[in-house]
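Trainee: My questions concern the predicted model and sequence given below.
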Amino acid sequence: MTQPEVSVSGSMALCNETSAPGPNSTTVTPIAPSHAGTVVPIDRGREMGLPGMAYTSGRYLQRERETVFAQHWVCVGLASDVPNPGDTIPANVAGIPIILLRDRTGEIRAFHNICSHRGLQLVDKPCNIQGKIRCPYHSWAYGTDGSLKSTPHFGGYYKDSYDGFDRSSKGLAPIRCDRWLDMIFVNLSGNAVPLEDYLKPASDRWACYDLTQLRREPRELNYTCKANWKLAVENFSESYHLAWVHPALNDCSRMEDHFGFDVGDTHVGQGSLKYVSGQIEGRTLPTFDNLATIGKEKVAEYITVFPNLMLGVPPDYFLVMTVNPISAGRTQERLTFYFVSDEAMTPEKQALRHLPIDLWDVTNDEDITMIERLQTGRQSPKFDGGCFSPELEKTVYRFQQKIAEVVGS
């Protein structure tokens, strides 16, 4: 499958950490090293990517928080994580603490996870809010709609208020929140396009799949890796490394069986033309309907939704993978799996469901080894951004361009 040539002029977002206007400054100052971070058309063979400090600098990550993660929709959890009214979980967006909860009407809400009084983290583990969200420090209490309900002794002993105190202005700070399928998204700035529009290139491409058939598998995979979050995204987005890093996977889905594709102007995708379903004694999992009639009975596709959500749709399951930066060099990964129809979820099919999960577990272990070594390599002063295969790394190239565009804007 052939992609259009990608050509964007300008500079990758490079930063200089040597000058700081003040102790709390997060200013990112452009610099111009010898190659100037210039992005040239990918078929010219010496296009350069993001510099090493974009993966190692805490100040660069802070700038990503203010731009990449604040301005776009970010998947932060699953609706099935909070199935019942009152269910509440802590989450975070690139280290910014938030609360996800299902209120008494069944609506999922998101708030900044801090008490309005002294900034204590309110929720530190999953729980069910029976009445109010109560701060354990001074017992301020909030309703599941975020409104401040009580402030014991705040006006003095046995006085919950004082003249002029505006309780209505001290509720939890809400965050714009929406969902698609089982995924909960937040937009910290509140200025992003509607979620439906943001995801439309992906949902349109996969409109031939009946995603209402999906059922969540209880088993999931979680990892912490010593690498920058972007390296996990970039690794997911290309198949160039398969033959050398994933020999078992390459046996059934070779590097040359893969293809890349555009997903609108923001997201990227890749796929395989030779997906093979797992079998146990000749039995397989149910697949999506009508795949043979549309020529996709052996096609698996994977979309990277900017910035940090990776989705996969082979014929017999659906993958949701999120990567979330803990620090510039440390990342959390979560992989959740959904299978097709109630039939797939019977106890008799558990072993079949676990076959692809086991393969992802092995594959991710192999990937983490590589991305941690990529992280180490970015400490070298000789790393100049690298270069890209004009055929096999277009997706990585486009992702890095988008990061540079947003961080530098």
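Mentor: Received it, and whenever you're ready, just let me know what you need.
Trainee: Skip the chain neighbours and tell me the closest residue to Arg378.
Mentor: Counting by Cβ to Cβ, 6 or more residues apart in numbering, Gly52 is the residue found nearest to Arg378 once chain neighbours are left out, at 3.7 Å. For glycine as for every other residue, the C-beta is placed from the backbone atoms N, C-alpha and C.
Trainee: what number of residues lie near the one you found?
Mentor: Gly52 has 19 neighbouring residues, counting by other Cβ atoms under 10 Å.
Trainee: residues in contact with it?
Mentor: Gly52 is in contact with 377-381, 383, 385, counting by Cβ atoms under 8 Å, 6 or more residues apart in numbering.
Trainee: out of those, which one sits closest to Cys75?
Mentor: Distance to Cys75, by Cβ to Cβ, is smallest for Arg378 among the contacts of Gly52, at 25.7 Å.
Trainee: That closest one and Thr56 touch, don't they?
Mentor: Yes. With contact defined as Cβ atoms under 8 Å, Arg378 counts as touching Thr56 (5.5 Å).
Trainee: Need the overlap of contacts for these two.
Mentor: Taking Cβ under 8 Å, 6+ apart as the contact criterion, the residues that touch both Arg378 and Thr56 are Asn228.
Trainee: between these two, who's got more neighbours?
Mentor: Neighbours per residue, other Cβ under 10 Å: of Arg378 and Thr56, the larger number sits with Arg378, 23 against 17.
Trainee: which residues touch the more buried one?
Mentor: Contacts of Arg378 were listed using Cβ under 8 Å, 6+ apart, and they are 52-53, 55-56, 228.
Trainee: for Ser116, same thing?
Mentor: Counting by Cβ under 8 Å, 6+ apart, the residues that Ser116 touches are 140, 148, 170-173.
Trainee: Derive a PyMOL selection command for the buried subset of those residues.
Mentor: Restricted to buried positions by 16 or more other Cβ atoms under 10 Å, the PyMOL selection for these reads:
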select buried, resi 140+148+170+171+172
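Trainee: May I see the contacts of Ser116 organised as JSON lines, with secondary structure added?
Mentor: Below are those laid out as JSON lines (DSSP: H, G, I helix; E, B strand; the rest coil):
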{"residue": "Trp140", "secondary structure": "coil"}
{"residue": "Leu148", "secondary structure": "strand"}
{"residue": "Lys170", "secondary structure": "coil"}
{"residue": "Gly171", "secondary structure": "coil"}
{"residue": "Leu172", "secondary structure": "coil"}
{"residue": "Ala173", "secondary structure": "coil"}
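Trainee: Make JSON lines from the contacts of Ser116 and add distance to Glu66 and pLDDT to it.
Mentor: Rendered in JSON lines, the data for these read as follows (distance: Cβ to Cβ, whole Å; pLDDT from 0 to 100):
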{"residue": "Trp140", "distance to Glu66": "28", "pLDDT": "93"}
{"residue": "Leu148", "distance to Glu66": "28", "pLDDT": "95"}
{"residue": "Lys170", "distance to Glu66": "25", "pLDDT": "91"}
{"residue": "Gly171", "distance to Glu66": "24", "pLDDT": "91"}
{"residue": "Leu172", "distance to Glu66": "22", "pLDDT": "95"}
{"residue": "Ala173", "distance to Glu66": "17", "pLDDT": "96"}
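Trainee: Can you add distance to Tyr209 and give the contacts of Ser116 back as TSV?
Mentor: Formatted as TSV, the entries for these read as follows, by distance: Cβ to Cβ, whole Å:
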residue	distance to Tyr209
Trp140	46
Leu148	44
Lys170	46
Gly171	41
Leu172	37
Ala173	37
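Trainee: for the chain, what spans make up the helices?
Mentor: Per DSSP state H, the chain carries helices over the ranges 53-56, 58-66, 68-71, 195-205, 229-236, 242-245, 247-252, 350-377, 394-407.
Trainee: worst average pLDDT in the ones you listed?
Mentor: Per-stretch mean pLDDT for the helices of the chain is lowest at helix 247-252 (a mean of 65).
Trainee: got a list of what Gly179 touches?
Mentor: For residue 179 the amino acid is Arg, not Gly. Contact criterion Cβ under 8 Å, 6+ apart gives 79, 108, 185, 195 as the residues in contact with Arg179.
Trainee: out of these, who has the most neighbours?
Mentor: That'd be Phe185 among the contacts of Arg179, by other Cβ under 10 Å, with 22 neighbours.
Trainee: Any chance of the contacts of Gly52 in TSV with distance to Ala202 as columns?
Mentor: Output for the contacts of Gly52, formatted as TSV (distance: Cβ to Cβ, whole Å):
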residue	distance to Ala202
Gly377	31
Arg378	29
Gln379	35
Ser380	36
Pro381	39
Phe383	32
Gly385	28
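Trainee: List only buried entries from those.
Mentor: Buried residues within the contacts of Gly52, defined by neighbour count using 16+ other Cβ under 10 Å: 378, 383, 385.
Trainee: can I get the residues you listed in a markdown table with distance to Ala94 and pLDDT?
Mentor: Supplementary listing: the buried ones among the contacts of Gly52 in a markdown table, determined by distance: Cβ to Cβ, whole Å; pLDDT from 0 to 100:
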| residue | distance to Ala94 | pLDDT |
| --- | --- | --- |
| Arg378 | 19 | 95 |
| Phe383 | 23 | 92 |
| Gly385 | 23 | 91 |
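Trainee: Rebuild these as a markdown table, extending it with distance to Thr363.
Mentor: A markdown table is the format used below for those (distance: Cβ to Cβ, whole Å):
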| residue | distance to Thr363 |
| --- | --- |
| Arg378 | 23 |
| Phe383 | 26 |
| Gly385 | 27 |
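Trainee: Could you check how far the closest residue to Phe339 other than its chain neighbours is from Gln279?
Mentor: In this structure, Phe339 finds its nearest non-sequential neighbour in Tyr317, 5.0 Å apart by Cβ to Cβ, 6+ apart. Computed with Cβ to Cβ, to the nearest Å, the distance linking Tyr317 and Gln279 is 14 Å.
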